[in-house]
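J.: Starting from these lines, generate the structure:
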Amino acid sequence: ARDETGMRSVTEKTKLARIALDEGRLTAAAEGTVPGVLLNQFAMDDYEGRLRLAVTLNGVSTSGQWESTPSLLVLDGDLEVISSIPKLATNETVQSVRFVGPVAYVVSFRQIDPLFAIDLSDPAAPKVMGELKIPGFSTYLHPWADGQLLGLGMDATDDGMFTGLKLSMFDTSDPFALKEQAVLKVPYADSEALRNHKAVLIDSERSLIGFPTLNYSGGGSTADYVVYRFEDGAFRLAGKLPVEASEQQWVSSVRGLTIGDSLYVVTERGVDVYGADSLEKVASEELG
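T.: Numbers count the residues shown, from 1 in each chain. Purely as a prediction, here's the structure:
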């Protein structure tokens, strides 16, 4: 039977529970079930008593064809669906989500990357304000500044062939006319940042973006911790910091953080300390 998804059947559902906390006492306040699957923690957001979700629906369409569809749902405090946009696109999956106040930004992908800006100011009537189509897709979105949204993901050709990593800065000052303000191809094949946002360092006050990267060649791999800056409307490479970890699983655990005027790059081998502005190494400590 046809349901609120607009599909004949959906293969996966997500169960939700709301737990109330009162002076250390936990009670089950509400339970609910929605169609589709959540990508990660950024795909759900609580705002003014409403829970907003971006899900991918996998199932059979009303025409009898297998289909994947990105969808947006708004739930009340009882975890009942009060509104939705059942189909943001056809045969695409959710790649990244970021809720910023009353606006949801959703990236889906099959061949061309649509970035959707969705107005949720009226939770009973969500509507798509803008849609930007560019090659590739962002797997992580981060509010950079008012009217700017940073995207980190994969670059791709118009027919969906991946060509490496990329950084994008989206101009969201007018959600009805989204723009890609700047884009930079990152010449690496892989990064843990594509899968785990904790591998990404973003310090917008210093215009600094850092993450570990991998390239593959000759049956082996090379690793760098790359640092980019976004200044004067453009990305530029600020430095490649060596990561002494040849094993891929070691590289996946590399983390960067800024404290004061220092940039710390932490690996399983130890901690390297750099000047956050100069990127010159000032100290190093190996761990046992």
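J.: where does the chain have low pLDDT?
T.: Across the chain, the ranges flagged by pLDDT under 70 are 1-5, 111, 245-250.
J.: What segments of it are helices?
T.: Along the chain, the segments classed as helices by DSSP state H run 248-251.
J.: Which residue would you name as the spatial centre of it?
T.: Centroid-nearest residue in the chain: Tyr140, 2.1 Å away (criterion: Cα atoms, centre = their mean).
J.: Would you check how far apart the residue lying closest to it once chain neighbours are set aside and Thr139 are?
T.: Excluding the flanking residues, the one nearest Tyr140 by Cβ to Cβ, 6 or more residues apart in numbering is Leu152, at 4.7 Å. C-beta: built from backbone N, CA, C; applies to glycine. From Leu152 across to Thr139, the span is 7 Å (Cβ to Cβ, to the nearest Å).
J.: higher neighbour count, these two?
T.: Legend: neighbour count by other Cβ atoms under 10 Å for Leu152 and Thr139, higher for Leu152 (25 against 22).
J.: Enumerate every residue touching the more buried one.
T.: Taking Cβ atoms under 8 Å, 6 or more residues apart in numbering, we find Leu152 in contact with 138-140, 142, 165-168, 193-194, 200, 209, 211.
J.: So which of those residues wins on neighbours?
T.: Phe211 (28 neighbours).
J.: related to what we said a few turns ago, which residues do Leu152 and Thr139 both contact?
T.: Contact with both Leu152 and Thr139 is made by residues Leu194, according to Cβ under 8 Å, 6+ apart.
J.: Burial check on the residue nearest to Gly101 when sequence neighbours are not counted, number of neighbours?
T.: Spatially, and ignoring its direct neighbours in sequence, Gly101 is nearest to Tyr47 (7.3 Å; Cβ to Cβ, 6+ apart). By the criterion of other Cβ under 10 Å, Tyr47 has 15 neighbours.
J.: Would you mind measuring from Tyr47 to Leu120?
T.: With Cβ to Cβ as the criterion, Tyr47 and Leu120 are 7 Å apart.
J.: Likewise for Gly220?
T.: Separation of Gly220 from Leu120 (Cβ to Cβ): 47 Å.
J.: The two: which has the busier surroundings?
T.: Each of Gly220 and Leu120 has its neighbours counted (other Cβ under 10 Å); Leu120 has more, 23 against 8.
J.: need the contact list for that one.
T.: Tyr47, Arg50, Arg52, Val74, Phe99, Pro102, Val103, Ala104, Pro126.
J.: now, which of these lie within strands?
T.: Judged by DSSP state E, the contacts of Leu120 include Tyr47, Arg50, Arg52, Val74, Phe99, Val103, Ala104 as members of strands.
J.: Can you say which of these are buried?
T.: Buried members of the ones in strands among the contacts of Leu120, scored by 16 or more other Cβ atoms under 10 Å, are Arg50, Arg52, Val74, Phe99, Val103, Ala104.
J.: which residues touch the closest residue to the last one other than its chain neighbours?
T.: Spatial nearest neighbour of Ala104, excluding adjacent residues (Cβ to Cβ, 6+ apart): Ile118 at 4.2 Å. Neighbour list for Ile118: Leu72, Ile85, Leu88, Val103, Ala104, Tyr105, Val106, Pro126, Lys127, Val128, Met129 [criterion: Cβ under 8 Å, 6+ apart].
J.: Gly151 versus Ile118, what's the distance?
T.: 16 Å.
J.: ditto for Arg236
T.: Per Cβ to Cβ, Arg236 is found 17 Å from Gly151.
J.: more neighbours, these two?
T.: Gly151 (27 against 11).
J.: Verify the stated contact: Glu12 with Asn58.
T.: Yes. Here Glu12 reaches Asn58: they are 6.0 Å apart, a contact under Cβ atoms under 8 Å.
J.: Neighbour count for those two, which is higher?
T.: Asn58 (18 against 12).
J.: May I ask you to confirm that the more buried one is in contact with Val10?
T.: Yes. With contacts counted by Cβ under 8 Å, Asn58 reaches Val10, the gap being 6.9 Å.
J.: Could you tell me the end-to-end distance of stretch 258-275?
T.: 9 Å (Cα to Cα, to the nearest Å).
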